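Chemist: Here is my input, please return the structure:
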Amino acid sequence: MSNTSSYQHSRLIGGPERIRESVQVTQPITGTPDGFTKTIPDVLRRSYQLNPKALLFGENVNGKYIWTTYGDAIEESKAIGSGIENILLSHPSFPNSTKLIGIAGIHSVRYMYSMHAMAYYNYTVVPLYHMSKFETLCDIIDNCGLELIFVDTKKRTQQFLDIKNETRLATLKTIVLLEIVETLPTHPDVRILSYEDVKNLGNQNFIEGTRPTSESIYVIVHTSGTTGKPKGVEMSHGSLLTSMSGICTSWTIAHNWKFDQNDTYFSFLSLAHIYEHLMQTLVLYFGGKIGIYNGDVKTLIQQIQILRPTIISLVPRLLNKIYENVHNSIGSKNVLTRKLFEFAKKMKTKKLEEEVLENDTIWDKIVFKKCKELLGGNIRLLSTGGAPVTKEVKIFTRIAYGCPLIEGYGQTECGAAGTLTLPYDTTYGNVGGPSPWAQMKVVDVPEKNYFAKNDEGEVCFRGAALMSGYYQDPELTAKTIDEDGWLHTGDIGRWLENGSLQIIDRKNEMFKLCQGEFVSPIQVESIYCNSPLITQIYVTGSTLRSFLVGIVVLESMWFKQLLSNMPEKNYENIPIEKSLGDRKVRNAVMKELNEFGKASGLQTIELLQNVYLTMNEFSEEDGLITSTLKNRRKMLENFWKNEIEQMYNEIESL
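Modeler: Sure, this is the predicted structure:
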């Protein structure tokens, strides 16, 4: 199967910069399709006016989703917003109080209402990601000078109270607890209110407040920080709506998909991620329902099956996990079932090669029906972003779940969706063309031998969906968005023949080995990660060394199979934890990975020369991966410092 199709994804406009735009519009869009919706509250009101009794937010309670309506959301957001006004009126610093309000924890209906209340009353939402290290949350509160934060649980509230002193969380004056509890925590310097307290304050002394404009800052999302300290990205109401409108235009206007209040979105990603704000706003725009994930990854599939959504946004790692689970399950079936499954895959893949995406074939009815039911049975659309989807997973997703897979690429700084694959696209190995709002170009990176004349270089975006800037950092903003309005992403891209973009490298995430050769660890990791033997990997090197080493997180089933095939001794009867440090086991894993890597195109210098094995996944709680499950390289380097040095020393002692 080719990674390019006959469909054109972008057009090249005249001029020396070789700028590209979407083929789905005659010129980049700058706002919403209706032309009247300017802010996030406008989106909510728009669907409320169409049908105030339409269902909106749903929470899973004892295995059943309980729903609220658009009318409820309008009423609650006004009451909570008025309550916020009353709270800040009581602060000595009012009216000089910050316009920023934090919200921490796992999202819920109350979380959603509070967030929309802030937007309605022209406050800026500062999401505090529940999976981040606690110290990082405190840094954000201090850097933003937050006086008021909403917190999901009593336990998390107590954590903030315990750490508050004259220098840490010094600005914090009020916490609103979203969880229903019998007694509220107390603190001499912090006012603790329940959600109901704030609602009653708002209703008893209603304050109309001020409304946001298109230019008002809606949210400050702190970037994932793959290479260092997270940065606060200011996203205006207008910018987010433009990014949302790019998706809406691509899917519903240019392609003529129909979405309405009968559609249900499974809200899995955190609202500390701009991608989730984008998708929720899109669902609100066409009046759909949002079923809320409860935070328990062990019951993720069960929650999806109860909700039976029509739209799901997942990160690639979860698509990979589902892919593995399906194939592991099939692998345990009888020979006839396995052969039928592989034949069905082959037949549907052949159709994809012919640029035909079908979901009503005989194979869908007799072979892939259970795959579709795995995601609830009603799925119409899967979207993904944040990292590349492997060829195998992308193809399988398109043939097995009964729906298209849309992949996007971008950054928080450009509203997440800077490029989109076309709805009818059946290819792999690219992230589509410019979103309908964007102009794009690549610029020379001579130090890495990438040149725009060859359609290779650093990816740049320009358009109405770009961030307003980094919070209180004009210098970094000026470095990121140049004087002509181009956002420089730091990613290296290549334009393919059909006008789609392929991400091939990272401008600043390479290191030079001591023999003078450059290696891109992200590229190496992306290839190794396709091996079923592992779930995660961190590859590193040094200018003082001539080789690469890696921290490898093993997939238990495949690792056990490898152990059972080792002839030296009865490894399968030894506890897994004890076998991880065995040199012969490590060499066997490394041999397997390097054979896979060479077959997948890795050069000799890119192959691992030593590995450290673990069953403990890199987690967001440990600060080792981002909210989109990318490696945080500096954090991983520090965390595994001793093990990395040990691997180097082992090689040098041979």
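Chemist: helix or strand right after the worst-scoring helix or strand of the chain on mean pLDDT?
Modeler: Taking mean pLDDT, DSSP states H and E as the measure, the helix or strand of the chain with the lowest value is strand 511-512, at a mean of 72. Once the chain leaves strand 511-512, the next helix or strand it forms, by DSSP states H and E, is strand 518-519.
Chemist: picking up where we left off before, packing partners for the least confident helix or strand of the chain?
Modeler: In terms of contacts (3 or more C-beta pairs under 8 Å, 6 or more residues apart in numbering; DSSP states H and E), strand 511-512 is packed against strand 518-519. Just so you know, the C-beta spots here come from the backbone N, C-alpha and C atoms, and that holds for glycine as well.
Chemist: Sheet-wise, list the partners of the strand it packs on with their directions.
Modeler: Strand pairing for strand 518-519, determined by DSSP bridges: strand 511-512 (antiparallel).
Chemist: hmm, back to that, can you give the contact residues for the least confident helix or strand of the chain?
Modeler: Contact partners of strand 511-512, identified using C-beta atoms under 8 Å, 6 or more residues apart in numbering, comprise Phe518, Val519, Pro521, Thr540, Gly541, Ser542, Thr543.
Chemist: okay, now the nearest residue to the last one once chain neighbours are set aside: neighbour count?
Modeler: On the basis of C-beta to C-beta, 6 or more residues apart in numbering, the spatially nearest residue to Thr543 that is not a chain neighbour turns out to be Lys512, at 5.3 Å. Summarising burial for Lys512: neighbours were counted as other C-beta atoms under 10 Å, giving 12.
Chemist: shaky segments in the stretch 101-250 of the chain?
Modeler: Using pLDDT under 70 as the threshold, the predicted model of the stretch 101-250 of the chain has low-confidence ranges 224-229.
Chemist: can you map out the helices along it?
Modeler: Secondary structure of the stretch 101-250 of the chain (DSSP state H, counting those that start in this stretch): helices at 109-120, 134-144, 154-163, 195-204, 237-248.
Chemist: Indicate which one of those helices is closest to Glu555.
Modeler: helix 134-144 (28.8 Å; C-beta to C-beta).
Chemist: ok, residues contacting that closest one?
Modeler: Contacts of helix 134-144 (C-beta under 8 Å, 6+ apart): 98, 100, 102, 104, 126, 128-129, 146, 149, 159-160, 163, 168-172, 220, 222, 230, 232, 471-472, 623.
Chemist: again, 6 Å this time
Modeler: Defining contact as C-beta atoms under 6 Å, 6 or more residues apart in numbering, one finds that helix 134-144 is touched by Leu100, Val126, Leu128, Leu169, His222.
Chemist: any idea which of those is closest to Asn205?
Modeler: Minimum distance to Asn205 across these is 23.1 Å, recorded for Leu100 (C-beta to C-beta).
Chemist: Bridged to that closest one, which residues?
Modeler: The partner list for Leu100 in beta bridges (DSSP bridges) reads Thr124.
Chemist: Make 562 the starting number, not 1.
Modeler: Sounds good: first residue 562 from here, last item Leu661.
Chemist: list the contacts for it?
Modeler: Thr685, Val687, Cys705, Leu707.
Chemist: Same check on Glu1167?
Modeler: If you count contacts by C-beta under 6 Å, 6+ apart, Glu1167 has them with Val1080, Val1085.
Chemist: how about a cut-off of 10 Å?
Modeler: 1078, 1080-1082, 1084-1085, 1088-1089, 1100, 1102, 1108-1109, 1155, 1158-1159 (C-beta atoms under 10 Å, 6 or more residues apart in numbering).
Chemist: what does Ile667 give?
Modeler: Neighbours of Ile667 in contact, by C-beta under 10 Å, 6+ apart: 690-692, 713-714, 717, 739, 831-832, 853-857.
Chemist: Next: Asn889.
Modeler: With contact set as C-beta under 10 Å, 6+ apart, Asn889 has these partners: Pro1093, Glu1116, Met1118, Trp1119.
Chemist: can you pull the contacts of Leu1027?
Modeler: Leu1027 makes contact with 796-797, 800, 803-804, 972, 974-976, 979, 998-999, 1041-1042, 1046-1048 under the criterion C-beta under 10 Å, 6+ apart.
Chemist: Correction: the previous question concerned Met1028.
Modeler: For Met1028, the contacting residues are 778, 781-782, 792-797, 800-801, 835, 972-976, 1038, 1041-1042, 1048, by C-beta under 10 Å, 6+ apart.
Chemist: So which of the contacts of Ile667 is surrounded by the most neighbours?
Modeler: In the contacts of Ile667, the most neighbours by other C-beta under 10 Å go to Leu739, 26 neighbours.
Chemist: gap between the residue lying closest to that one once chain neighbours are set aside and Gly642?
Modeler: For Leu739, ignoring the flanking residues on the chain, the nearest one in space by C-beta to C-beta, 6+ apart is Arg671 at 4.5 Å. Between Arg671 and Gly642 the distance, using C-beta to C-beta, to the nearest Å, works out to 14 Å.
Chemist: Who has more neighbours out of the two?
Modeler: Here Arg671 and Gly642 are compared on neighbour count by other C-beta under 10 Å; more neighbours surround Gly642, at 27 against 23.
Chemist: List the buried residues in whichever strand or helix holds the more buried one.
Modeler: For Gly642, the host element (DSSP H and E) is helix 631-650. With burial defined by 16 or more other C-beta atoms under 10 Å, the residues of helix 631-650 counted as buried are 631, 633-649.
Chemist: Quick one: work out the angle between it and helix 670-681.
Modeler: Computed with axes from the mean of the first three to the mean of the last three C-alpha atoms, to 10 degrees, the direction of helix 631-650 lies at 70 degrees from that of helix 670-681.
Chemist: that older thread, top of the contacts of strand 1072-1073 by neighbour count?
Modeler: Neighbour counts for the contacts of strand 1072-1073 (other C-beta under 10 Å) peak at Gly1102, which has 26 neighbours.
Chemist: Return the distance of that one relative to Asn920.
Modeler: Using C-beta to C-beta, which is the criterion applied here, Gly1102 is 44 Å from Asn920.
Chemist: so how far is the helix holding Gly642 off the chain centroid?
Modeler: In terms of C-alpha atoms, centre = their mean, to the nearest Å, the gap separating the centre of helix 631-650 from the centre of its chain is 29 Å.
Chemist: What mean pLDDT does the stretch of helix or strand Lys926 belongs to get?
Modeler: According to DSSP H and E, Lys926 maps onto helix 923-927. In this model, helix 923-927 carries a mean pLDDT of 91.
Chemist: Brilliant, that's me finished.
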